[in-house]
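A.B. asks: One predicted model, sequence on top.
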Amino acid sequence: MLQGLLIILPKYATVMLFLALMVAGASAYEIVIDAPTSIQAGAPLVVNGTTNLADGVSISIALSNADYTTLEIEKKDLVVRHSDENKSFSVVFDTTGLKKGQYKVEVLPVQDFSFLGSSVTIRPVTLVDRSDELVITPPLSKEYDGSLTIAGNSARLINSGVKVVVTSSNGTLLFGPEFIGTDYMGYFSKTFTIPEPGNYLVNFSDARGFIGNITYTITKPREPLPALVLPEVTGTPAPSQSPPVSARALASRDVPAYFAVIANPGPVRVYTSTGTDWILEYLDRAGTAHRVHEAGSQYPESVTFQGDGNTTWVKVYPFKYEDNSTVTLYAEGALDVQVAERGVDFFPATNPATSALVGIQTSPLPWLLFIGATGIGVLVMLRKRE
């Protein structure tokens, strides 16, 4: 029994020693990353690190937000390649367009290396952006004219100033750091010369540090429009458009207003003034009277006819018998409009059957006679029955 125990103990000691060596070997592998705790939004985020993993091992480092929910923004992959004991590496994340707030960079799990001893694989990062303190004066986009004007105001910059740095889209420094003074209301303005169209990033800061980045977009100038070449005109040119002519006259139901419209051949539009519910009549070349009543008092009565160079007679009167007011008759495409009382001689005493009647109000007298005659007839019939 004692001999068996002595045989077993060395076996267990060997196993324990092997496990200890495995743990010691595993704990020897490490990855340590470092990143700034705070940077300005839009600036490059540089993550440096070291590791003693073997050459050829793949490592992934991710940038994520660190708010209520974690959302991966970007991932960088690299391969350990140096032969020294602690391999160094570096990755850069672009923070352009990211909002201010809390973020983190972390090493994602490495395949076949679940235990990395005392590694540091997560670093918090705060993106700082105070651009909401600035009110930038438009435009942020314009055609290239050789200059860029940076202007705006801030309640936090009263009687002080703002420092600007201007870089081109490829990162080339163009101006700055340059200090621009502000007035008693916090306004500032500065015009710079720029070499070409493109996007220009302006970095703003003050005594408290970084404020924000603003991008100005300068577009290429538009090509001038080609000269307008008109085709050769043959025949008689069309008359040029002219403002409408007009005339005014007093009109009532019993005494309408008459107008003479004089126009060259072509379309002529005549229309009344508003404020009164007018009825408009005109005579065509055959002497037929056409009546228009569609608009009411808020809109003009209007009609378009084909002029032939002769006088067109127009008659206007109110729809309501109690109305008695002044009407203005306008004519587009006409040479002249004149009040012409002799127009009464051309209009028929009664409206012809061919007239276009729209909403015409007739005199109440015929209806009264009809109702009276009907009542008398009914009385006569009742007396005969008696």
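C.D. replies: Cool, got the structure.

A.B. asks: Following element in sequence after the lengthiest strand in the chain, please.
C.D. replies: Criterion DSSP state E: the longest strand present in the chain is strand 209-219. With elements assigned by DSSP states H and E, the helix or strand that comes after strand 209-219 is strand 245-252.

A.B. asks: ok now the following helix or strand past that next one, how far from the chain's centre?
C.D. replies: Sequence order places strand 257-262 as the next helix or strand after strand 245-252, per DSSP H and E. The chain centroid and the centroid of strand 257-262 are separated by 50 Å under CA atoms, centre = their mean, to the nearest Å.

A.B. asks: any idea of the angle strand 257-262 forms with strand 245-252?
C.D. replies: For strand 257-262 against strand 245-252, the angle by axes from the mean of the first three to the mean of the last three CA atoms, to 10 degrees is 160 degrees.

A.B. asks: strands paired with strand 257-262, and their directions?
C.D. replies: Strand 257-262 has its sheet partners listed here by DSSP bridges as strand 311-318 (antiparallel), strand 336-339 (antiparallel).

A.B. asks: Kindly compare burial across those strands and name the winner.
C.D. replies: The highest average neighbour count among the strands paired with strand 257-262, using mean count of other CB atoms under 10 Å, belongs to strand 311-318 at a mean of 22. Just so you know, the C-beta spots here come from the backbone N, C-alpha and C atoms, and that holds for glycine as well.

A.B. asks: following that strand, which helix or strand shows up next?
C.D. replies: Next along from strand 311-318, by DSSP H and E: strand 324-332.

A.B. asks: Let me see the residues that make contact with the strand or helix carrying R123.
C.D. replies: Per DSSP H and E, R123 falls inside strand 122-128. Here strand 122-128 makes contact (CB atoms under 8 Å, 6 or more residues apart in numbering) with 33-41, 45, 47, 66, 95, 98-107, 209-210.

A.B. asks: That one: how far from the chain's middle?
C.D. replies: For strand 122-128, the distance to the chain centre is 35 Å (CA atoms, centre = their mean).

A.B. asks: Over to stretch 288-296?
C.D. replies: Distance of stretch 288-296 from the chain centroid (CA atoms, centre = their mean) equals 45 Å.

A.B. asks: Looking only at it, what residues are buried by neighbour count?
C.D. replies: A289, H290, R291, V292, H293, A295 (16 or more other CB atoms under 10 Å).

A.B. asks: Also stretch 67-77?
C.D. replies: K76.

A.B. asks: re the thing from before, looking at the buried residues of stretch 288-296, which is nearest S168?
C.D. replies: Nearest to S168, judged by CB to CB, of the buried residues of stretch 288-296 is A295 at 62.4 Å.

A.B. asks: any idea how far stretch 127-142 is from the chain center?
C.D. replies: 19 Å.

A.B. asks: Reformat the strands paired with strand 257-262 as CSV; add mean pLDDT.
C.D. replies: Below are those laid out as CSV (pLDDT from 0 to 100):
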stretch, mean pLDDT
strand 311-318, 91
strand 336-339, 90
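
A.B. asks: JSON lines for the ones you listed, including distance to G275?
C.D. replies: JSON lines is the format used below for the strands paired with strand 257-262 (distance: least, CB to CB, whole Å):
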{"stretch": "strand 311-318", "distance to G275": "11"}
{"stretch": "strand 336-339", "distance to G275": "19"}
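
A.B. asks: which residues touch the host helix or strand of V162?
C.D. replies: According to DSSP H and E, V162 maps onto strand 161-168. Residues from elsewhere that reach strand 161-168, judged by CB under 8 Å, 6+ apart: 148, 150, 154, 173-182, 188, 190, 192, 198-206, 211.

A.B. asks: change it to 6 Å
C.D. replies: 173-182, 188, 200-206 (CB atoms under 6 Å, 6 or more residues apart in numbering).

A.B. asks: Could you list the paired strands of whatever helix or strand comes next after it along with their orientation?
C.D. replies: Counting by DSSP H and E, the element after strand 161-168 in chain order, helix or strand, is strand 173-181. Strand 173-181 has the following strand partners under DSSP bridges: strand 161-168 (antiparallel).

A.B. asks: And the partner strand, what's buried?
C.D. replies: Neighbour-count burial for strand 161-168 [16+ other CB under 10 Å]: V162, K163, V164, V165, V166, T167.

A.B. asks: Let me know the angle separating that strand from strand 209-219.
C.D. replies: In terms of direction (the same axes, to 10 degrees), strand 161-168 departs from strand 209-219 by 40 degrees.

A.B. asks: Fine by me, thanks again.
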